[in-house]
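In: Got a predicted structure plus its sequence, pasted below:
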Amino acid sequence: MSGSATEPWAARPLGELVTGVARAVADGQTELDRASLSTRRDIRRAVEAGELETPIETPWFRFAGVEADMNVSLSMRGRPERDANGEVRAYRPTLVAAPTDPEFTTRNDYDVAASSRVRLDIVPVPGSE
């Protein structure tokens, strides 16, 4: 199921797709936070250097919510379960998602009307500080 880094995105377990979207949102939030921290440091240095008379409020940004709406082809596949010796002992059913982009639909003669919709809502929650 997994290919090389240069290979186009192919079918992946649905959990990997959901985790990937969540990680992308978290990475985006981390970059927003880094930018705000950098601005805060710049303001502090400007005040200390006398370039700024009074400190100004540092802007902080966060995603109020992220909605991901994806059309994918869903299928079931068996994922091998191995014992301590590496022998396949069973297959775990795994829900797999593949993108329904133009290349996929042409290559697989896939009817886009048969695609499944996966919708994720990722929202911030208050911290436990």
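Out: Arrived safely.
In: In contact with V25, which residues?
Out: V25 makes contact with 63, 66, 122, according to C-beta atoms under 8 Å, 6 or more residues apart in numbering. Using the backbone N, CA and C atoms, a C-beta is placed for each residue, glycine as well.
In: Filter the residues you listed down to the buried ones.
Out: Among those, those classed as buried by 16 or more other C-beta atoms under 10 Å are 66, 122.
In: Out of the contacts of V25, the closest to A26 would be?
Out: The shortest approach to A26 among the contacts of V25 belongs to I122, at 8.8 Å (C-beta to C-beta).
In: Got phi/psi on the closest one?
Out: Per-residue torsions, I122: phi -110, psi 120 (degrees, to the nearest 10).
In: Spatially, what comes nearest to it if we skip its sequence neighbours?
Out: Once flanking residues are discounted, I122 sits nearest to V66: 4.4 Å by C-beta to C-beta, 6 or more residues apart in numbering.
In: ok so, going back, could the contacts of V25 be laid out in JSON lines, adding distance to L74 and pLDDT?
Out: As requested, the contacts of V25 are exported to JSON lines (distance: C-beta to C-beta, whole Å; pLDDT from 0 to 100):
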{"residue": "F63", "distance to L74": "27", "pLDDT": "88"}
{"residue": "V66", "distance to L74": "22", "pLDDT": "91"}
{"residue": "I122", "distance to L74": "20", "pLDDT": "90"}
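In: burial of V72, as a residue count?
Out: V72 has 20 neighbours, counted by other C-beta atoms under 10 Å.
In: and stretch 47-67, how far from the chain's centre?
Out: Here stretch 47-67 is found 27 Å from its chain centre; the criterion is C-alpha atoms, centre = their mean, to the nearest Å.
In: From one end of it to the other, what's the distance?
Out: 40 Å (C-alpha to C-alpha, to the nearest Å).
In: possible to save the contacts of V25 as a markdown table with distance to S115?
Out: A markdown table is the format used below for the contacts of V25 (distance: C-beta to C-beta, whole Å):
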| residue | distance to S115 |
| --- | --- |
| F63 | 27 |
| V66 | 21 |
| I122 | 22 |
